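1. Dropping the sequence and predicted coords here.
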Amino acid sequence: MLTGKNIILGICGGIAAYKTPHLVRLLKKAGANVQVLATSSALNFVSELSLATVSRRPVLRDMLTADSAGEGEKTMHITLGEWADAFVIAPATANTIAKLNAGLCDDMLSVCFITLRPDKPVLLVPAMDGHMYNSASVRRNLASLVAQGCHILEPESGDLASGQCGLGRMPEPEAITDRIAVLLEPAPASPLKGRHVVVTAGPTREKLDDVRFLSNYSSGKMGFAIAREAARRGAVVRLVSGPASLDTPPGVERIDVESAVEMLEAAKLFFGDCDLFIGAAAVADYRPETAVSGKIKKNDEEMEIRLVRNPDILAEYSAGRKPGQLSVGFALETLGGIGYAKEKLERKNLDLVAFNVYDRATCGFEVDTNALTLIDREGNVTELPVMPKEAAAGSLLDAIEQLFARQ
């Protein structure tokens, strides 16, 4: 699955480096050519001889020493960036993550990160103590690197070198190899390629006073997964998101909003030229009629709040859309209710509705999985099993591609 692919494997100074000879062996077995770049501290945890033996290439550390091995007019730290099909850093330590984000390049690993061709994928595999991983600085640096187009393979939970048990373990080499294969898999020929797609995601917040609001439990995970997969298929994606603590998917233009009114105003800017609108946001149906300036004081035993209807973003798009524009929505219920989803399909003039049930465990808000039932205007009903939201997004877009093919 990786036959003929050229992989740069960067290794940093963490205890998880002991797993890297096995990772090199798996990559070689899959047909890849592997060039190991190691920081000086990495070789305190794994033998340089072991890495050179399994990769069948010398391990490169210092830029000047490596450049002396280069051929022709170009130097090794430049030619490697052109040679590589992918750059993997496993384990990636907090120190190296910070250096990469800052653009520092004082060893072969960090220099090749800078010189790698921008169309080649970079996979970072952080491994460190859980408190380090969740620190504000590490999270900020990772978010910045993701915004630059890097991919992150999140650490696992388990026993750590500190003796504690928790988040921070580097995934096993098999999982890393599988992720590399996915990143290097050719993008499918998709009817979405070049099309303009608008996705709404996350909750909305409806202001009650300056410190309180009405909202819901939506995390935005489903909408972000849809945006990520649409971009992977070659679409031009704009993601209009309510408050969500998620990284922006690579290649996606993100517009952050708070309220339903703000979400509508932001989305309307793209109604005219979009080919597909997917309303995955959990938009509040109502908002307080009047937002109070300051903080409402606790005075009476009871308090009445008058609510008014929010605009229906999906209905507004569907009502004014032009021939060829597709409209897709979600219908979430806590009990059954597929009949409501079918009614929503008709009432909002949708081409497809994705129905799901909020069970607080495997489907709906906050969780990482979902089970969708897809219903189109021709009455076709497709029930999908519980699956990760990334996979559910792929199945949804597969169905949407079929709708484009029928046009």
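-> Okay, I see it.
2. all strands of the stretch 101-250 of the chain, in order?
-> Applying DSSP state E, counting those that start in this stretch to the stretch 101-250 of the chain gives strands spanning 122-126, 151-152, 156-159, 165-169, 196-201, 206-207, 213-214, 236-241.
3. which helices and strands sit right next to the last one?
-> Right, strand 236-241. strand 196-201, helix 221-232, strand 252-256, helix 260-268 (3 or more CB pairs under 8 Å, 6 or more residues apart in numbering; DSSP states H and E). In this view, the C-beta of every residue, glycine as well, is placed from N, C-alpha and C.
4. Just the mean pLDDT for the last one, thanks.
-> What helix 260-268 shows for mean pLDDT is 97.
5. and the helix or strand that comes right after it, how far out from the chain's middle?
-> Per DSSP states H and E, helix 260-268 leads on to strand 276-279 as the next helix or strand towards the C-terminus. Mean-position distance between strand 276-279 and its chain equals 18 Å (CA atoms, centre = their mean, to the nearest Å).
6. Strand 276-279 pairs with which strands?
-> Strand 276-279 has the following sheet partners, assigned by DSSP bridges: strand 196-201 (parallel), strand 326-333 (parallel).
7. Turn the ones you listed into CSV, columns for mean neighbour count and distance to residue 136.
-> CSV is the format used below for the strands paired with strand 276-279 (neighbours: other CB atoms under 10 Å; distance: least, CB to CB, whole Å):
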stretch, mean neighbour count, distance to residue 136
strand 196-201, 27, 24
strand 326-333, 22, 33
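8. Let's have the ones you listed in a markdown table, adding distance to residue 406.
-> As requested, those are exported to a markdown table (distance: least, CB to CB, whole Å):
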| stretch | distance to residue 406 |
| --- | --- |
| strand 196-201 | 18 |
| strand 326-333 | 10 |
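9. which one of these has the lowest average pLDDT?
-> Lowest mean pLDDT of these: strand 326-333, a mean of 94.
10. Flag the shaky bits of the chain, pLDDT-wise.
-> Within the chain, the set of residues satisfying pLDDT under 70 comprises 65-74, 160-163, 187-188.
11. what's the domain layout of this structure?
-> Using automatic domain parsing, the domain ranges for the chain come out as 6-184, 196-406.
12. Any idea how far apart the tips of the shortest one sit?
-> Its first and final residues considered, domain 6-184 spans 10 Å by CA to CA, to the nearest Å.
13. Return the distance of that domain from the chain's centre.
-> With CA atoms, centre = their mean as the basis, domain 6-184 stands 20 Å off its chain's centre.
14. among the helices and strands packed on strand 236-241, which is nearest residue 278?
-> Residue 278 sits nearest to strand 196-201 of all those, at 4.7 Å, using CB to CB.
15. ok, and what's touching the closest one?
-> Contacts to strand 196-201, defined as CB atoms under 8 Å, 6 or more residues apart in numbering, come from residues 220, 222-224, 226-227, 230, 235-242, 244, 263, 267, 270-271, 273-281, 283, 313.
16. Going through the residues you listed, which ones are buried?
-> Buried members of the contacts of strand 196-201, counted by 16 or more other CB atoms under 10 Å: 220, 222-224, 226-227, 230, 235-242, 244, 263, 267, 270-271, 274-281, 283, 313.
17. Roughly how far does residue 238 sit from residue 249?
-> To residue 249, residue 238 is 11 Å away according to CB to CB, to the nearest Å.
18. who are the neighbours in contact with residue 238?
-> 196-199, 252-255, 270, 274.
19. please redo it, this time with the cut-off set to 10 Å
-> 196-200, 227, 252-255, 266-267, 269-270, 274 (CB atoms under 10 Å, 6 or more residues apart in numbering).
20. Quick check: beta-bridge partners of it?
-> Listed beta-bridge partners, residue 238: residue 198, residue 253 (assigned using DSSP bridges).
21. Give me the distance between it and residue 189.
-> Using CB to CB, residue 238 is found at 23 Å from residue 189.
22. Grab the nearest non-local neighbour of residue 80.
-> Residue nearest to residue 80 in three dimensions, not counting chain neighbours: residue 112, with 5.2 Å by CB to CB, 6 or more residues apart in numbering.
23. Distance-wise, check that neighbour relative to residue 23.
-> 18 Å.
24. How about residue 102?
-> 27 Å.
25. Neighbour count for the two, which is higher?
-> Neighbours were counted for residue 102 and for residue 23 using other CB atoms under 10 Å; residue 23 has more, 28 against 11.
26. I figured that one hits residue 50, correct?
-> No - the pair residue 23 / residue 50 is not scored as a contact, 11.7 Å apart, by CB atoms under 10 Å.
27. Next up, the contacts around the residue nearest the centre of the chain.
-> Central residue of the chain (CA atoms, centre = their mean): residue 249, 4.6 Å from the mean position. Applying CB under 10 Å, 6+ apart, we find residue 249 in contact with 146-147, 199, 224-232, 237, 239.
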